[in-house]
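J.: dropping the sequence and predicted coords here.
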Amino acid sequence: MVLLPCAARAQTKDAPKPDADCLACHSQNDLKSESGHSLYVDETKHQAGAHAILNCTDCHTNIKEYPHPARITKVKCSTCHAEEAANVPKSVHSLLGPEACNSCHGSAHEALPAAGLAPKLCAGCHNDEVKAFAASVHAKAAKDGDAQAPSCQACHGPVHKILAVQDPGSPVAKKNLPETCGSCHANASFLAKHQIPFARPVEAYKLSVHGRAVAAGNQNAATCSDCHGSHEIYAARDARSKINHWNVPATCGTCHTEIQKTYLASVHGKAVAAGASDAPVCTDCHGEHIILAPSEAQSLVNPARVSSVTCGRCHSDERLDARYNLPTDRVSTFADSYHGLALRGGAQTVANCASCHGVHNIFAPNDPRSTVYPANLARTCGKCHPGAGDTFAIGPVHVRAEAIAEHPVVRAIRVAYWILIPLTLGFMFFHNLFDFLRKLLRKGPRIDSGEEVQRMNLNFRIAHWLTVISFPVLVITGFALKYPDAWWSRPMRQWEQHFAFRGTLHRVAAVVLLVSLAYHVVHLVLVRRDRVILRSLMPGIGDLRNMSDLLLYNLGLSRTAPAFGAFSYAEKMEYWAFLWGTVVMAASGFILWFNNFALRHFPKWVTDAATALHFYEAILATFSILIWHMYMVVFDPDVYPMDRAWITGKASADHLRHTRPGYYAELMNREEAGGGDAETDEKKRRPSEPQDPDGPKNKSGPNTGWD
């Protein structure tokens with residue numbers, strides 16, 4: 001057993017070499033064929049090559065004896081490498097012809113393993129590309145031992161299947177390049193491991209205007225290599241990188257030449273040229289990978305987003321404003337302007353930063369080329385407002401409200417409403433609060449027999465229904481313009497992306513409200529019986545007495561509650577306030593609706609006054625309905641859960657007997673008498689039975705025809 005290893009070593013040492021007979025001749029370096037072709041085989045190189053495991057006769061299978069015939073059949077690589085031999089003629093390397101294998105691998109006797117060929121061997125034909133790659137971020141990663149660093153084959157495909165870049169099947173063809181780069185850069189773990197800060201860059205690119213164009217077959221659209229380079233890819237911080245901050249305009253300019261020229265002449269382009277690292281380049285405004293068309297809702301330069309998201313990113317930054325001596329309030333003052341409010345509300349056609357200052361051609365305001373240069377303002381504003389600067393003065397956009405020297409009329413409107421709104425709403429609130437508490441503290445339950453009497457006929461109800469439909473819509477869509485970021489206005493902003501939803505709905509509701517008013521007026525003009533309510537609704541001294549008496553009663557200073565006629569002072573106040581408010585809102589609303597017409601025919605202060613009047617009157621009307629009307633119809637304990645007269649036309653008989661005994665008695669008398677012409681009955685009754693048109697205490701007022 002001890003002698004076995006020695007015997008094995010002896011057998012190995014003495015074993016004849018199978019290629020010894022061949023090398024006896026072919027180891028001579030001057031051995032040549034009749035045609036002068038070298039037949040020399042370097043045994044050392046052969047043993048170091050890929051074919052070291054093969055003997056001579058494994059390839060030269062037709063040699064059976066030594067010496068062999070002078071002419072022998074040429075060995076074909078396809079005998080062992082059938083797949084590779086079949087692929088090469090289809091590849092870009094087919095240009096090398098029959099010697100394609102030897103061109104890359106060298107002599108079959110010295111062929112090196114594939115792993116040791118690239119990229120040095122590739123440099124034999126692709127010297128410039130290999131040099132560029134050697135300096136790239138990818139080659140640096142390979143040099144640092146990164147196993148995931150790409151090689152030539154990683155991008156171009158298996159070496160025997162490499163296709164020309166113009167071939168649609170090539171991994172580096174434009175259409176396929178996102179997938180090729182994405183094999184690494186769409187891998188979340190790869191991005192995390194290599195600390196690449198961009199999230200989902202390949203997916204973002206595919207969604208971009210460039211990615212979609214490439215996918216659709218546009219050979220001129222930008223793909224990964226157009227922006228990052230092909231072999232010479234460098235980190236963005238590298239000054240040689242095509243996506244380095246300072247190089248971005250030139251990179252984008254390879255396709256967008258004219259835009260680049262315009263940008264370089266602009267205030268931003270000159271700032272970049274002067275070395276301002278904060279000055280925006282193409283990617284700062286358009287984004288890096290997910291560049292979208294301006295018409296797309298998510299685009300950074302979409303009209304609805306460019307002011308707040310893109311321009312506002314720099315021009316609302318206090319540090320940048322201080323560093324470059326920029327105005328500090330450009331974004332905030334625009335946001336509070338008419339244009340800014342409409343834009344925040346989702347309007348697609350209102351002016352934004354780019355509408356006035358330009359897109360790529362942004363110049364300093366004192367530059368004659370600037371679209372906001374004083375001499376150019378008429379043309380700039382005139383794009384939306386024909387006649388700007390000629391028929392009406394152009395007002396400033398970026399102004400703080402507290403710094404505006406308002407026209408005296410506008411200022412008077414503001415001051416008047418600042419006084420009127422708190423006084424009016426405060427009166428309504430405490431009036432109803434005292435009434436509510438008094439009724440809660442009264443003894444005994446509310447009488448509710450279920451009996452009803454006619455209160456509103458169909459014509460009155462139709463006018464009321466139209467108001468009920470239009471008024472809430474006007475409130476919501478109107479305040480959505482002033483407060484576009486509120487939760488209740490956000491749903492409308494989604495519709496605004498497709499068309500001017502909020503403004504259209506607001507105007508439609510305004511027309512419906514005016515139709516309701518017109519219907520009411522025509523109804524009263526045509527129906528004499530119902531027109532008598534106007535006399536019953538006229539306020540008088542008796543209403544002041546009733547108001548005083550009710551206040552004393554609710555405060556516990558009187559034991560007798562006042563009785564009302566067909567209409568209480570609260571209903572009269574609301575009726576005339578509604579008519580007045582509708583006229584005011586319609587007049588101011590039409591001025592704002594047809595603002596170009598208004599600006600051409602009236603001074604600018606008229607539009608400003610209409611804006612103030614419309615807003616403050618809307619506040620007063622909205623809260624008056626909530627505090628005053630809703631209490632009378634819903635929350636008043638005498639009618640809760642609702643006075644349904646506006647739906648059915650009938651009111652609670654118990655409520656009328658309790659609060660308007662005279663009016664209720666008159667209704668019963670008329671019903672027993674079989675009705676009749678209310679206005680005629682009124683005239684017959686007045687000479688012998690004069691009454692206060694406001695309704696005497698504890699008796700009904702005149703027959704109104706309301707029923």
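T.: Noted; the coordinates are in hand.
J.: from Gly389, how far off is the closest residue to Ala388 other than its chain neighbours?
T.: Nearest non-adjacent residue to Ala388, counting by Cβ to Cβ, 6 or more residues apart in numbering: Cys381, 3.7 Å away. The C-beta positions use only the backbone N, C-alpha and C, and glycine is treated the same way. Per Cβ to Cβ, to the nearest Å, Cys381 is found 7 Å from Gly389.
J.: between those two, who's got more neighbours?
T.: Per other Cβ atoms under 10 Å, whichever of Cys381 and Gly389 has more neighbours is Cys381, with 23 against 17.
J.: how far away from the center of its chain is the helix or strand where the more buried one lies?
T.: Secondary structure assigned from DSSP states H and E places Cys381 in helix 377-382. Per Cα atoms, centre = their mean, to the nearest Å, the displacement of helix 377-382 from the mean C-alpha position of its chain is 28 Å.
J.: same deal with stretch 93-101?
T.: For stretch 93-101, the distance to the chain centre is 55 Å (Cα atoms, centre = their mean).
J.: cool, stretch 320-330 as well?
T.: 26 Å.
J.: what's next to that stretch, contact-wise?
T.: Ala271, Ala276, Asp278, Cys314, His315, Ser316, Glu318, His398, Arg400 (Cβ atoms under 8 Å, 6 or more residues apart in numbering).
J.: check stretch 636-651 too.
T.: With Cβ under 8 Å, 6+ apart as the test, stretch 636-651 has contacts from 435-436, 439-440, 446, 452-458, 460-461, 464-465, 468, 632-634, 652, 655, 658-659.
J.: in it, what's buried?
T.: Asp636, Asp638, Val639, Asp643, Ala645, Trp646, Gly649, Lys650, Ala651 (16 or more other Cβ atoms under 10 Å).
J.: which of those lies closest to Asp530?
T.: Of all those, Asp530 sits closest to Gly649, with 12.7 Å by Cβ to Cβ.
J.: compute the distance between that closest one and Phe501, please.
T.: 35 Å.
J.: out of the contacts of stretch 636-651, which are buried?
T.: Using 16+ other Cβ under 10 Å, the buried ones in those are 435, 452-453, 455-457, 460-461, 464, 632-633, 652, 655, 659.
J.: just checking, which of the residues you listed belong to strands?
T.: Glu452, Val453, Ser652 (DSSP state E).
J.: for the first one, give the beta-bridge partners.
T.: Legend: beta-bridge partners of Glu452 under DSSP bridges are Ser652.
J.: how many residues are close by the closest residue to Ala85 other than its chain neighbours?
T.: The shortest distance from Ala85 to any non-neighbouring residue, by Cβ to Cβ, 6+ apart, is to Ser78 (3.5 Å). For Ser78, the neighbour count with other Cβ under 10 Å is 13.
J.: look up how far Asn87 lies from Ser78.
T.: Taking Cβ to Cβ, one finds Ser78 at 11 Å from Asn87.
J.: ok, now Asp530?
T.: For Asp530, the distance to Asn87 - Cβ to Cβ - is 95 Å.
J.: comparing the two, which residue is more hemmed in?
T.: Using other Cβ under 10 Å, the more surrounded residue of Asp530 and Asn87 is Asp530, with 21 against 17.
J.: and the more buried one, what element?
T.: Going by DSSP H and E, Asp530 is part of helix 528-531.
J.: show me which residues of that helix are buried.
T.: Buried residues in helix 528-531 (16+ other Cβ under 10 Å): Arg529, Asp530, Arg531.
J.: likewise stretch 180-192?
T.: When neighbours are counted by 16+ other Cβ under 10 Å, the buried residues of stretch 180-192 are found to be Thr180, Cys181, Gly182, Cys184, His185, Ala186, Leu191.
J.: for the helix ranked longest in the chain, packing partners?
T.: The helix that spans the most residues within the chain, counting by DSSP state H, is helix 408-441. Helix 408-441 sits against helix 541-554, helix 604-624, with contacts defined as 3 or more Cβ pairs under 8 Å, 6 or more residues apart in numbering; DSSP states H and E.
J.: okay, the angle between the shortest one and helix 408-441?
T.: Taking axes from the mean of the first three to the mean of the last three Cα atoms, to 10 degrees, one finds helix 541-554 and helix 408-441 inclined to each other by 50 degrees.
J.: what's the first helix or strand after helix 541-554?
T.: helix 569-593.
J.: gap between the residue lying closest to Ile591 once chain neighbours are set aside and Val475?
T.: Nearest residue to Ile591 in three dimensions, chain neighbours excluded: Ala610, at 3.9 Å (Cβ to Cβ, 6+ apart). Applying Cβ to Cβ, the value for Ala610 to Val475 is 18 Å.
J.: higher neighbour count, these two?
T.: Legend: neighbour count by other Cβ under 10 Å for Ala610 and Val475, higher for Ala610 (23 against 18).
J.: would you mind measuring from the more buried one to Tyr417?
T.: 13 Å.
J.: ok, Ala322 next?
T.: For Ala322 relative to Tyr417 (Cβ to Cβ), the value is 38 Å.
J.: neighbour count winner among those two?
T.: Ranked by neighbour count (other Cβ under 10 Å), Ala322 and Tyr417 place Tyr417 first, with 18 against 10.
J.: nearest spatial neighbour of that one, chain-adjacent residues omitted?
T.: Nearest non-adjacent residue to Tyr417 (Cβ to Cβ, 6+ apart): Tyr616, at 3.7 Å.
J.: Leu341 now?
T.: Leu481 (5.6 Å).
J.: now whichever strand or helix holds that neighbour against helix 569-593, angle please.
T.: Per DSSP H and E: Leu481 is located in helix 458-482. Computed by the same axes, to 10 degrees, the angle separating helix 458-482 from helix 569-593 equals 50 degrees.
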